[in-house]
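[1] Curious how this folds, go ahead:
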Amino acid sequence: MPELADDVAAVFAGDGPLSQTVPDFEPREAQRQMASAVAGALQDGGVLLAEAGTGTGKTLAYLVPAILSGQRVLVSTGTKNLQEQIVQKDLPVLAEALDKTFTATVMKGRGNYLCLHRFQALRTGGLPRQQRLGGFGGRGNEVDERILLPILDAWASRTETGDRAELDELPEDLPLWSDISASAENCLGTECPQYRECFVTRMRERAAASDLVIVNHHLLFADAAVRQSAYGEVIPDCQAAILDEAHQLEDVATQYFGIVVSNYRVEDLARDAVRAATSWPDRDRADDVRRMAERVEDRGRHFFDQLEPRRRGTGEERARVTAEALADVQEPGRALIGVLDGLEASIQLLKEAPSDPGAAAPPATLDDLLSIASRAGAVRAELTILLRASDPDYVFFLELRHRGVFLRAAPIDVSQIVRENLLERFATTVLTSATLTVEGRFDYLRGRLGIRRATEIRLASEFDFRRQAVLYLPRRMPSPKEASYADAVARECQALLQCSEGRAFVLFTSYAMLRAVEPVLATTLDYPILVQGRAPRSALLAEFRQTPHAVLLATSSFWQGVDVVGDALSCVIIDKLPFASPGDPITSARMEAMTDQGADPFADYQVPLAILTLLQGLGRLIRHRQDRGLLAVLDPRLRTMGYGRRFLASLPPAPITHDLDAVRRFFAAGTGSLGVD
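    Next comes the predicted model:
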């Protein structure tokens, strides 16, 4: 591809195809440099680390060389939203601008797609209603089923993709969807009677014939984790991979290369076994399976009830466990393992019933039941590992989430996992994000992801932070460890929000601080207050954009992947430096491992991770050349602690003020005038 770099440069030229196609297109040197670097990586192979500041236009900078390269390229994003943006906005522009025909397929996780086989089984009464809606999780809803089944039926007959995103009226948390989705755990693979018509099969066939395959990081690592399993890969082989929002990779890899057994998983297994047994023609054998499934449900309820009191009332969501800490649940755990083994064995004893030409096909086939047996065996094996809690390469912990109880194991170090399952899988791998470096260096990311050799490029933001923003650091604040800190945060927020007239995100590092500050702001400000947790994330964002002078109080899920352009968001306030809690099981295990290796876990892990997280949070503010606003970090440690210099060195180059009057002048001044010395 000796001419690739020249072709890419021509696309981004001032008189090139993008300038003729995209309204208000402006040639950007940083975008051109990134596109050139990606073209070089696609031509020469290897790993490219590309930090591209906000406003670079990095999506087009990697899509253009990917399309022109003639290779099949995998593009993985941090969110489904960016997937949709690429397909609905960016690729149509490039299809018009480029003198090259190309194809692209979006792939999501299996759970997003309808399983035709399971949907048919549900419609034909594979499980009596009271059994389908029961179980110790209490997640069923008969009213939802009555209303939504006809909607699903009509949609299933016309959809081309089977993607649940097509159904705006389908609630995000609908329990029924888990019954009919094409999740890997439920999949029969090539043994499924509807394998050829399967939406996942058809999605993969389209992807295998496409030039661009657009996925998200969760699917990328889920696919990597199951490539050696009976389910095989979903994502087709590609020559190159471009990983956008690459700062998320360590967290996602940690999630998908761990193991987890939950009350939900055991409940679903027991429910599916009862459903299949209810429709099985050989009643004697079917009754054995049903009785064993009921024992799995009963033993599962008892086991998770024994686990749950360890965490309730502590105010924490996750707690590390050891084999010693699990000593008094070994007996109920072994009882659950025993009935899981019994369920698997009882299914293995089933034989195909003699066929009756005049009878309707039963909703459950032998393959359905054998799949359930395989699931029982997998839960049994994973629960055995979890109860031993002895693998030194993993951290074991208990997590409570709503009514879910999860016993988990996660890898402490994913660097080798990422290198072997991702970086070495492709001839070319491009990792890009607005936040990859700490103090101008890629060392932290390289170490966390096992990157040995790479080409590096850093591109500054195209935004003029000296003109568009001001960074406020209060002069007097108590230590975050003091009881008075929450009151001080509330006072500062109140004053700053009056300066900005609302139009703000207030991002907290904990729910406890959010709950402490919220009532003060709600009773002292006249602006609409929106609070995370009171509505779905997407609904809160939509309401924020549509509500003049709104203030959104939120925690971690709003620190990244949120884009609000214009005056609706003119202020971002962060209560504390976002250090990962040393009490978190994964964080504590990683810090211990670094100490054992002679490293400084605070300086080499916690500080760099907090810097990248802080940059993501502050990055919510300036999303366009016309955006203008206030960044505020209330934590005094930026000024009082030695490591504060490392944070300040990494922050956007906005002028710093400690004076509220200067903030007022900034908001009073016209565009282009800071009013800050």
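
[2] And the strands in the stretch 101-250 of the chain?
    104-106, 212-216, 240-243 (DSSP state E, counting those that start in this stretch).

[3] would you turn the ones you listed into CSV with mean pLDDT?
    Listed next are the strands of the stretch 101-250 of the chain as CSV, based on pLDDT from 0 to 100:
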stretch, mean pLDDT
strand 104-106, 93
strand 212-216, 95
strand 240-243, 97
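
[4] Show me the one of these that comes nearest residue 405.
    strand 212-216 (27.2 Å; C-beta to C-beta). C-beta coordinates here come from the backbone N, C-alpha and C atoms, glycine included.

[5] helices and strands around that closest one, which ones?
    Packing contacts for strand 212-216, counted by 3 or more C-beta pairs under 8 Å, 6 or more residues apart in numbering; DSSP states H and E, involve helix 58-68, strand 73-77, helix 80-85, strand 104-106.

[6] just so I know, which of these lies nearest residue 346?
    The nearest among those, by C-beta to C-beta, is helix 80-85 at 39.7 Å.

[7] contacting residues around whatever helix or strand comes next after the closest one?
    Following helix 80-85 in sequence order, the next helix or strand is helix 91-97 (DSSP states H and E). Outside helix 91-97, the residues that touch it by C-beta atoms under 8 Å, 6 or more residues apart in numbering are 11, 17-18, 20-22, 60, 63-64, 67, 102, 104, 212.

[8] Repeat the analysis, applying 7 Å as the threshold.
    For helix 91-97, the external contacting residues (C-beta atoms under 7 Å, 6 or more residues apart in numbering) are 17, 18, 21, 22, 63, 64, 67, 104.

[9] between the residues you listed, which is nearest residue 557?
    Residue 557 lies nearest to residue 63 out of the contacts of helix 91-97, by C-beta to C-beta, at 27.1 Å.

[10] Would you agree the closest one is in contact with residue 90?
    Yes. Between residue 63 and residue 90 a contact is recorded at 5.9 Å, counting by C-beta atoms under 7 Å.

[11] Mind checking which of these two has more residues around it?
    Using other C-beta atoms under 10 Å as the criterion, residue 63 and residue 90 rank with residue 63 on top: 25 against 17.

[12] Would you enumerate the residues in contact with that one?
    Contacts of residue 63 (C-beta under 7 Å, 6+ apart): 90, 94.

[13] That one and residue 91, how far apart?
    Noted for residue 63: a distance of 7 Å to residue 91, by C-beta to C-beta, to the nearest Å.

[14] Ok, residue 409 next?
    39 Å.

[15] Would you mind telling me which of the two has more residues around it?
    residue 409 (23 against 20).

[16] Contact partners for the more buried one?
    258, 259, 385, 386, 394, 396.

[17] Could you verify my assumption that the first one touches residue 408?
    Meaning residue 258. Yes. In this structure, residue 258 is within contact of residue 408 by C-beta under 7 Å, at 6.0 Å.

[18] Need the strands of the stretch 101-250 of the chain in TSV (columns: distance to residue 157 and mean neighbour count).
    Supplementary listing: the strands of the stretch 101-250 of the chain in TSV, determined by distance: least, C-beta to C-beta, whole Å; neighbours: other C-beta atoms under 10 Å:
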stretch	distance to residue 157	mean neighbour count
strand 104-106	22	22
strand 212-216	27	25
strand 240-243	36	25
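
[19] mind giving me JSON lines with the ones you listed and columns for distance to residue 477?
    Listed next are these as JSON lines, based on distance: least, C-beta to C-beta, whole Å:
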{"stretch": "strand 104-106", "distance to residue 477": "46"}
{"stretch": "strand 212-216", "distance to residue 477": "39"}
{"stretch": "strand 240-243", "distance to residue 477": "38"}
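
[20] re the thing from before, from the contacts of helix 91-97, keep the buried residues only.
    17, 18, 63, 64, 67, 104 (16 or more other C-beta atoms under 10 Å).

[21] need the residues you listed in CSV with distance to residue 322, can you?
    Below are those laid out as CSV (distance: C-beta to C-beta, whole Å):
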residue, distance to residue 322
17, 61
18, 57
63, 48
64, 52
67, 51
104, 48
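
[22] Surely residue 647 is within a helix?
    Yes. Residue 647: assigned to a helix according to DSSP: H, G, I helix; E, B strand; the rest coil.

[23] mind listing what it touches?
    Counting by C-beta under 7 Å, 6+ apart, residue 647 touches 577, 611, 614, 638.

[24] Let's see that with 6 Å instead.
    If you count contacts by C-beta atoms under 6 Å, 6 or more residues apart in numbering, residue 647 has them with 611, 638.
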